[in-house]
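In: what follows is a predicted structure for the sequence shown.
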Amino acid sequence: MPASKRILLIIGGGIAAYKSLELIRRLQDRGALVTPVLTRAGEEFVTPLSVSGLAGQKVYRDLFDLGDEAEMGHIQLSRSADLVVVAPATADLMGKMANGLANDLASTLLMATDTPVLIAPAMNVRMWQHPAMQRNLVQLRADGIRVVGPNDGSMACGEFGPGRMAEPMEIIAAIDAALAEGPLRGRRVLVTSGPTHEPIDPVRYIANRSSGSQGTAVARALAGLGAEVVFVTGPADVPPPEGVQVVRVQTAQQMAEAVHDALPVDAGVFAAAVADWRVASASDRKLKKTRDGMPKLEFAENPDILASVSRMTRGRPGLVVGFAAETDDVLDNATAKRLRKGCDWIVANDVSPATGIMGGSENAVVLISDKGAETWPRMDKDAVARRLADRIAQALGASN
Ligand code: CTP
C-alpha cells in the first residue's frame, strides 16, 4: 500500500469489531491514515476510546454532532478518503447500503461518498445465507461495492459456516487491491482455476493433473492491473495469489455454484480443468473389496460451467474467456470448442505429455477469437498471464 493513503473505516456492530482494532494497527504499520467511524451498535462491542486511541484520531459517531459538522461536514468526511472500508459490515448496514437508506452517520456517509467502498461482511451463517441478504449482495456488487470474505469457520454463536469476518491481513490485501492503480481498477473479474476432485467414496476421488499454476498466474496478473478478482479454485498445488477473494471448492458442482454466486462480473476467465464426469452415486461409506468382484462406477456428466455462463441471456459477463487443453488437432478442436461453448475467446494449448506443459512452468498458447487465431511464443506461465490480462484490459477498456 502506498504510504499516507487515507482510509475511512466504518466499524459496525458485530462481535468481529474487535478484529477492526487489529486492522487499524496493521493499516498504521503500513503508513495509512485511518479515520474511524463507529456505529451505535459498534459501540456495544468496542469503545470509542480504544478506537480513537489506536487510530490517533477523533472517532466520528453521530450525524447530529454539531462539533463534527463545524470541523468537517459529513459530506466532506465521506469524500476525504481514498477508500471507505466497512468492517464488520453487518446485515443491517448492508441492507441499508443496498437499498439507499441513510438514517445514521455510517449509512449517510456511505450514500454521500464518491470514493470506492470495500466491505467485510460478518454475521451469523443463517443470516448470510438468507435470500434477502444474498439479494442485497448481488445489488451491492452491481453497484460496484467490493467485498472481502466472509470466511467459513466456527462462529461466536456456536454455528459453523460462512459468516466469519475476513482476517485483518486478508482485509489489508483487499485494500491493497482496491487501491491498486491500473487499467482494470473498478472492474470485477472472475477466474476459475485448478482441478476438481470428484468423490468415489469418502476416501477416494477422481482428479486430473492440473496444478492450478496458469489460473493462479492469470488471477495475480489481473489483480496487478487493479481488478477486483474472485478466484474460484479447486484443490490446486500452488497457493492462491495475494489480494484476491479466494473461494475454495472440491467438485465441479460446487465450482458451478460458486461461479454463479460470484456474478455479476465484467469478465470471466475459466482456466479450471473441470472434471467432465462425476461418479453418479458416490458412496458415503468406504467401498470394500468383496468376493463379488470390482465395484461398478456409473458416471454422470458435470455441468459445463463455461458454457452455462457464456449462454446467459441476462447478466452475462462482457467478456468470457475459456481455455482448451488439447492433445490432438489443437487449433481445430479449440476453434470448434469456442463456438460450441459460446465464449468470446479461447486460450488453446497442447498438453501432450511431450510438451511438459501440464504441471510445468511454461506454456505455449494460441488465442482464438472471432478475429482468428494468434499464436504466442512459448513463455513462462506468468508471462502468458500478463499478456492475457493486458488483452482483457484492452477489451474491457474498448467496451466502455
Ligand atoms: N469447462 C467448464 N466446465 C466443465 C468443463 C469445462 O467450465 N464442466 C471449461 C474449462 O474451464 C475450459 C473449457 O471449458 O475453460 C474447456 O475445457 P476442456 O476440458 O478443454 O473442454 P471439455 O468441455 O472437456 O471438452 P472436450 O471433452 O471436447 O475436451
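Out: Cool, the structure landed.

In: hey, let's count contacts and neighbours off CA atoms from now on
Out: Fine.

In: list phi and psi for the residue nearest to the spatial centre of the chain.
Out: Most central in the chain under C-alpha atoms, centre = their mean is Val230, positioned 2.2 Å from the mean C-alpha point. With angles defined as degrees, to the nearest 10, Val230 sits at phi -100, psi 120.

In: state the pLDDT value of it.
Out: Note on Val230: pLDDT of 94.

In: now do the contacts for Asp350.
Out: Contacts for Asp350 (C-alpha atoms under 8 Å, 6 or more residues apart in numbering) come out as Ala325, Glu326, Thr327, Asp328, Val330, Ile357, Ala364, Val365.

In: one more pass at 7 Å, please.
Out: Asp350 is in contact with Ala325, Glu326, Thr327, Val330, counting by C-alpha atoms under 7 Å, 6 or more residues apart in numbering.

In: among these, which are in helices?
Out: Val330 (DSSP state H).

In: the ligand: which of the contacts of Asp350 is nearest?
Out: Ala325 (4.5 Å; C-alpha to the nearest ligand atom).

In: now the element after the lowest-mean-pLDDT helix or strand in the chain, going C-ward?
Out: Of the helices and strands making up the chain, the lowest-confidence element is helix 66-71, at a mean of 58, by mean pLDDT, DSSP states H and E. Using DSSP states H and E, the helix or strand that follows helix 66-71 in sequence is helix 74-79.

In: buried residues in that following helix?
Out: His74, Ile75, Leu77, Ser78, Arg79 (16 or more other C-alpha atoms under 10 Å).

In: ok, which of the residues you listed also contact the ligand?
Out: Among these, no residue sits close to the ligand (C-alpha under 6 Å from any ligand atom).

In: can you pull the phi/psi pair for the residue lying farthest from the centre of the chain?
Out: Distance to the chain centre peaks in the chain at Arg291, reaching 48.7 Å (criterion: C-alpha atoms, centre = their mean). With angles defined as degrees, to the nearest 10, Arg291 sits at phi -70, psi -20.

In: quick check: longest helix of the protein.
Out: Scanning the chain for the longest helix, with DSSP H as the assignment, gives helix 381-398.

In: buried sites along that helix?
Out: So helix 381-398, judged by 16+ other C-alpha under 10 Å, has buried residues Lys381, Asp382, Ala383, Val384, Ala385, Arg386, Leu388, Ala389, Asp390, Ile392, Ala393, Leu396.

In: give me the local confidence score for the fourth one.
Out: Okay, so that is Val384. Val384 is given a pLDDT of 95.

In: ok, now how distant is it from Ala219?
Out: The spacing between Val384 and Ala219, counted by C-alpha to C-alpha, to the nearest Å, is 12 Å.

In: do Leu109 as well
Out: Taking C-alpha to C-alpha, one finds Leu109 at 32 Å from Ala219.

In: more neighbours, the two?
Out: Ala219 (33 against 22; other C-alpha atoms under 10 Å).

In: any idea which of the buried residues of helix 381-398 is closest to Gly149?
Out: Here the nearest of those to Gly149, counting by C-alpha to C-alpha, is Ala389; it sits at 24.0 Å.

In: what's the helix or strand for the nearest residue to the closest one once chain neighbours are set aside?
Out: Once flanking residues are discounted, Ala389 sits nearest to Leu222: 5.4 Å by C-alpha to C-alpha, 6 or more residues apart in numbering. Applying DSSP H and E as the criterion places Leu222 in helix 213-224.

In: now that helix, how far from the chain's geometric center?
Out: Computed by C-alpha atoms, centre = their mean, to the nearest Å, the chain-centroid distance of helix 213-224 equals 12 Å.

In: which elements pack onto it?
Out: In terms of contacts (3 or more C-alpha pairs under 7 Å, 6 or more residues apart in numbering; DSSP states H and E), helix 213-224 is packed against strand 188-193, strand 228-233, helix 381-398.

In: closest to Pro199 out of those?
Out: strand 228-233 (16.6 Å).

In: put the alpha carbons of the closest one into PDB.
Out: The C-alpha coordinates for strand 228-233 follow below in PDB (Å, rounded to 0.1, in the frame of the first residue of the first chain):
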ATOM      1  CA  GLU A 228     -11.200  -7.000  -8.100                       C
ATOM      2  CA  VAL A 229     -10.600 -10.700  -8.600                       C
ATOM      3  CA  VAL A 230     -12.800 -13.500  -7.400                       C
ATOM      4  CA  PHE A 231     -10.700 -16.700  -7.600                       C
ATOM      5  CA  VAL A 232     -12.700 -19.900  -7.500                       C
ATOM      6  CA  THR A 233     -10.200 -22.700  -7.100                       C
END
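
In: that older thread, wait, the residue nearest to the centre of the chain sits on Arg187?
Out: No: counting by C-alpha atoms under 7 Å, Val230 sits too far from Arg187 to count as a contact (11.0 Å).
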